[in-house]
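In: Okay, here's the prediction I keep looking at, along with the sequence it came from:
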2 protein chains.
Amino acid sequence: MTNKQSRKTPTPPGAKPRLQMVDIAKMAGVSTATVSRALNDSPLVTPETRARIAELARSMNYTINAGAKHLRLGQNKTVALVLPYERDSRQSVSDPFFLSMFGAIADALTERGYDMLVSRVDASELDCAAQLYNAGRAMGIILIGQWRHHEQLKAMAERGVPLVVWGAQMTDGGYCTVGCDNIAGGELATEHLIACGRRRIAFIGDTVFPEVAQRMEGYRRALARHGIVADERLSIAASFLADGARQAMAELKRRQAPFDAVFACSDLLALTAIGALEQQGLKVPRDVSVVGYDDVAMASYFHLPLTTVRQDIEAGGRELVAALIERIGHQEPASRVVATELVIRETSRVPAA
Amino acid sequence: MTNKQSRKTPTPPGAKPRLQMVDIAKMAGVSTATVSRALNDSPLVTPETRARIAELARSMNYTINAGAKHLRLGQNKTVALVLPYERDSRQSVSDPFFLSMFGAIADALTERGYDMLVSRVDASELDCAAQLYNAGRAMGIILIGQWRHHEQLKAMAERGVPLVVWGAQMTDGGYCTVGCDNIAGGELATEHLIACGRRRIAFIGDTVFPEVAQRMEGYRRALARHGIVADERLSIAASFLADGARQAMAELKRRQAPFDAVFACSDLLALTAIGALEQQGLKVPRDVSVVGYDDVAMASYFHLPLTTVRQDIEAGGRELVAALIERIGHQEPASRVVATELVIRETSRVPAA
DNA sequence: CTGAAAGCGCTAACAC
DNA sequence: GTGTTAGCGCTTTCAG
């Protein structure tokens, strides 16, 4: 019996064969060309046919096969979002900041009709990210965080991979970045702490990350502007991991360098630093003022609302997507800077005189 | 001049034409068939040819075009991860729990060689998720949270869409779920609170979500077991949004029903509830014991480490992926339950007598 | 062991 | 307006 089931791919038992355009065409009594045109809103088909076919397709739960369409069109509307992680600790994503950024990018992409393919790649093998492009899986790549791999990213971009990176704008360019003005952010936080009457301000963050290095630069400039000499002992390289702050606070205590404020390079760091401080019997903000970075949702809900440097993540997501789409259209998008603003809450309240 | 640039698609200016298999074939002086075989580790090519072609491909940054391959093979190794959101508040993702689950799924998928396509869809139009399957973009769908849309999910699964859902196992089945035993979780939390000497335990969480309804069921059972009558005024429907807990605490105060403990259906809720409680002048855990749900990373770093019901998210991600892959292979995977355990920290410390 | 050729599901000339 | 047809880049029989 030559029933209609005679597809080439031997339909596995118990699996409904997937509907194709020919099927719809047959049912509608037209050719596939017409179905294609109708489903793509071509003005070449009569409105009635279009409506009839659209209705038929919907009722049959038929959707044009995206893969075939893309192959034919030579372009697919998907972009890859790459989240690098450090090999030893998969934690890169544990920071709520990532999640917000992720959501912002997802929304911006959806809005423009793009699909989002998400990959986590080992930060030491960032080149793998390029394969997503080479294999035609994605038209371009958004990468969150440049980590310590500036050179690799530069090389990728030079090879022609459409790439946009969330991170610090590097002086030697090479690829398009979107990020906050980290120097300004560092200055903002430090100036505020100084205005609170603090002089011995600890800096927590790992400067191998360009963003952090720039925030520290801002911190230095602000101190210098007020004639305060930066005490090297007050700078602690803490990883972004949650435990980083705890260790940093312990280290700070060990160094016996007195301090009256902490500028942490992420809210997560700041929040856990406060916990550690309180365990040491120090009172925030009475004994120590604390400023964080990011303004994650949790920051304001904390029992002691956190003073922090807010990054406009929504805008960041939008700009990343906009820049990448420009790049896909073979333009050379300029790097962009999104707004940074200081949000003053409780953790830096000036001690009652 | 008929140079080799003569591709059909008019290469836009400034864009390097993408390498194809023919290009590699020409360079290697073989046919595309051989290149294909070499790159797919077919035993039909001599090891030397294979090595030579593999090396050539790598040096040219060539990767087999995934779309074409999938079209030809009639199967693509990608699964869609769908994150529903409520229309009014895009916040669904602001809960760190999502992020952890997301990471766990990403890792499990990567490990098995699958790509992950992520989509946020309006929770009221969950059917859109099926299109990802119908359009052949993904071989199956993982959905996080069934929200209030059990029926729609059931219908989708019945239409043959390979679907696995993180959520509560429903008695009427219909689709495969992976989730914790929420009733047991609710019991665990409540029993612990009772063991702490608490009798008037408030429940915070919106029972339109099946998971929450089941946790409440566990809460009720535990109370009943100890002969405690549940005071209806102590149950507050709070949304998962961060502000939900704040409102819930205000409502609780308004109802003037005395309480000595709070069981919140997420850590985010618990953390913000504690903040609200402290603002009302109540001391945790002295006046009120608090238990959360999820054991998100932040929970233990909070200034008052949170007692909470831990869900094994890593295992959850692995199971979701395993179940979906079974389903893609045309089996009927059974719903699974992952481990739930109570983590006792500070917020429920028994008051010093 | 390797090459030639057919075709995966779709779109866009080009005919009618 | 609609149908016919030739590929998009790949894999895989089938010949050699």
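Out: Right, received. Where do you want to start?

In: how about the residues of the stretch 51-200 of chain A near DNA strand D?
Out: Taking C-beta under 7 Å from any atom of the strand, the part of the stretch 51-200 of chain A that reaches DNA strand D is made up of A:Ala68, A:Leu71, A:Arg72, A:Gly74. No exception for glycine: its C-beta is placed from N, CA and C like everyone else's.

In: mind running it again at 6 Å?
Out: Within the stretch 51-200 of chain A, the positions near DNA strand D by C-beta under 6 Å from any atom of the strand are A:Leu71, A:Arg72, A:Gly74.

In: among the residues you listed, which are in helices?
Out: Mapping those onto helices (DSSP state H) picks out A:Leu71, A:Arg72.

In: Show me how to select, in PyMOL, the buried members of the residues of the stretch 51-200 of chain A next to DNA strand D.
Out: The PyMOL selection below is limited to those of those classed as buried (16 or more other C-beta atoms under 10 Å in any protein chain shown):
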select buried, chain A and resi 71
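
In: Go back to the residues of the stretch 51-200 of chain A next to DNA strand D and keep what's next to chain B.
Out: For chain B, the contacts drawn from those by C-beta under 8 Å from any C-beta of the partner chain are A:Leu71, A:Gly74.

In: Take the residues of the stretch 51-200 of chain A next to DNA strand D and write them to a markdown table, including pLDDT.
Out: Output for these, formatted as a markdown table (pLDDT from 0 to 100):
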| residue | pLDDT |
| --- | --- |
| A:Leu71 | 96 |
| A:Arg72 | 95 |
| A:Gly74 | 90 |
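
In: between the residues of the stretch 51-200 of chain A next to DNA strand D, which is closest to B:Val118?
Out: A:Leu71 (22.4 Å; C-beta to C-beta).

In: In contact with the closest one, which residues?
Out: For A:Leu71, the contacting residues are B:Gly67, B:Ala68, B:Leu71, by C-beta atoms under 8 Å, 6 or more residues apart in numbering or on different chains.

In: Tell me the secondary structure of the first one, please.
Out: Taking DSSP: H, G, I helix; E, B strand; the rest coil as the rule, one finds B:Gly67 in the helix state.

In: Could you pull up the residues touching it?
Out: B:Gly67 sits next to A:Gly67, A:His70, A:Leu71, A:Asn76, A:Gly136, A:Arg137 when contact means C-beta under 8 Å, 6+ apart.

In: Tell me the one of those nearest B:Gln131?
Out: Nearest member of the contacts of B:Gly67 to B:Gln131, counting by C-beta to C-beta, is A:Gly67, at 13.7 Å.

In: Next one: that closest one, what pLDDT does it get?
Out: At A:Gly67, the pLDDT value in this model is 96.

In: in chain A, which spans are strands?
Out: For chain A, strands defined by DSSP state E occupy the ranges A:78-85, A:115-122, A:141-144, A:163-166, A:176-180, A:201-204, A:235-236, A:261-264, A:289-294, A:307-311, A:336-338, A:340-343.

In: Please work out which of these is packed deepest.
Out: strand A:261-264 (a mean of 30; mean count of other C-beta atoms under 10 Å in any protein chain shown).

In: What helices and strands are in contact with that strand?
Out: helix A:182-195, strand A:201-204, helix A:267-279, strand A:289-294 (3 or more C-beta pairs under 8 Å, 6 or more residues apart in numbering or on different chains; DSSP states H and E).

In: Out of these, which gets nearest to B:Arg52?
Out: Closest to B:Arg52 of the helices and strands packed on strand A:261-264 is helix A:182-195 (C-beta to C-beta; 47.2 Å).

In: So what touches the closest one?
Out: By C-beta under 8 Å, 6+ apart, the residues outside helix A:182-195 that reach it are A:168, A:201, A:211-212, A:214-219, A:221-223, A:225-226, A:228, A:261, A:263, A:289, A:291, A:293, A:307, A:309, A:311, A:340-342, A:344, A:348.

In: Can you point out the buried residues in that helix?
Out: For helix A:182-195, a neighbour-count test (16+ other C-beta under 10 Å) marks A:182-194 as buried.

In: now stretch A:282-291
Out: A:Leu282, A:Val284, A:Pro285, A:Val288, A:Ser289, A:Val290, A:Val291.

In: Tell me which residues touch the third one, please.
Out: Shown in contact with A:Pro285 (C-beta under 8 Å, 6+ apart): A:Cys196, A:Leu304, A:Glu346, A:Thr347, A:Ser348, A:Arg349, A:Val350, A:Pro351.

In: Pull out the buried members of those.
Out: Neighbour-count burial (16+ other C-beta under 10 Å) applied to the contacts of A:Pro285 gives A:Cys196, A:Leu304, A:Glu346, A:Thr347, A:Ser348, A:Arg349.

In: which two from these end up farthest apart in space?
Out: So, those by C-beta to C-beta: farthest apart are A:Cys196 and A:Leu304, at 14.9 Å.

In: returning to what we had before: any idea which of the contacts of A:Pro285 is closest to A:Ala270?
Out: A:Ala270 has its nearest neighbour among the contacts of A:Pro285 in A:Thr347, at 7.4 Å by C-beta to C-beta.

In: Quick check: the gap between the nearest residue to the closest one once chain neighbours are set aside and DNA strand D.
Out: If the residues on either side of it in the chain are set aside, A:Thr347 comes closest to A:Val290, at 4.3 Å by C-beta to C-beta, 6 or more residues apart in numbering or on different chains. With distances taken as C-beta to the nearest atom of the strand, to the nearest Å, A:Val290 is found 54 Å from DNA strand D.

In: Beta-bridge partners for A:Val290, please?
Out: A:Val262 (DSSP bridges).

In: Give me the pLDDT for it.
Out: At A:Val290, pLDDT is 97.

In: Tell me which residues touch A:Arg18, please.
Out: Counting by C-beta under 8 Å, 6+ apart, A:Arg18 makes contact with A:Asn65, B:Asn134, B:Gly136.

In: now the residues you listed as JSON lines including neighbour count?
Out: Listed next are the contacts of A:Arg18 as JSON lines, based on neighbours: other C-beta atoms under 10 Å in any protein chain shown:
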{"residue": "A:Asn65", "neighbour count": "19"}
{"residue": "B:Asn134", "neighbour count": "21"}
{"residue": "B:Gly136", "neighbour count": "22"}
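
In: Pick the one among these closest to DNA strand D.
Out: Nearest to DNA strand D out of the contacts of A:Arg18 is A:Asn65 (C-beta to the nearest atom of the strand; 10.9 Å).

In: these two touch, right, the closest one and A:Gln20?
Out: Yes: counting by C-beta atoms under 8 Å, A:Asn65 touches A:Gln20, with 7.1 Å between them.

In: contact partners of the one helix or strand in chain A whose mean pLDDT sits lowest?
Out: Lowest by mean pLDDT, DSSP states H and E among the helices and strands of chain A is helix A:297-301, with a mean of 78. For helix A:297-301, contacts defined as C-beta under 8 Å, 6+ apart pick out A:96, A:100, A:267, A:270-271, A:292, A:305-306, A:308, A:343, A:345, B:94, B:96, B:242, B:246, B:268, B:271-272, B:275, B:298.

In: Stretch A:107-114 now?
Out: Defining contact as C-beta under 8 Å, 6+ apart, one finds that stretch A:107-114 is touched by A:77-79, A:115-116, A:317-318, A:320-322, A:325, B:90, B:119-120.

In: before we move on, the earlier item: which of the contacts of A:Leu71 lies closest to DNA strand D?
Out: Nearest to DNA strand D among the contacts of A:Leu71, counting by C-beta to the nearest atom of the strand, is B:Ala68 at 3.4 Å.
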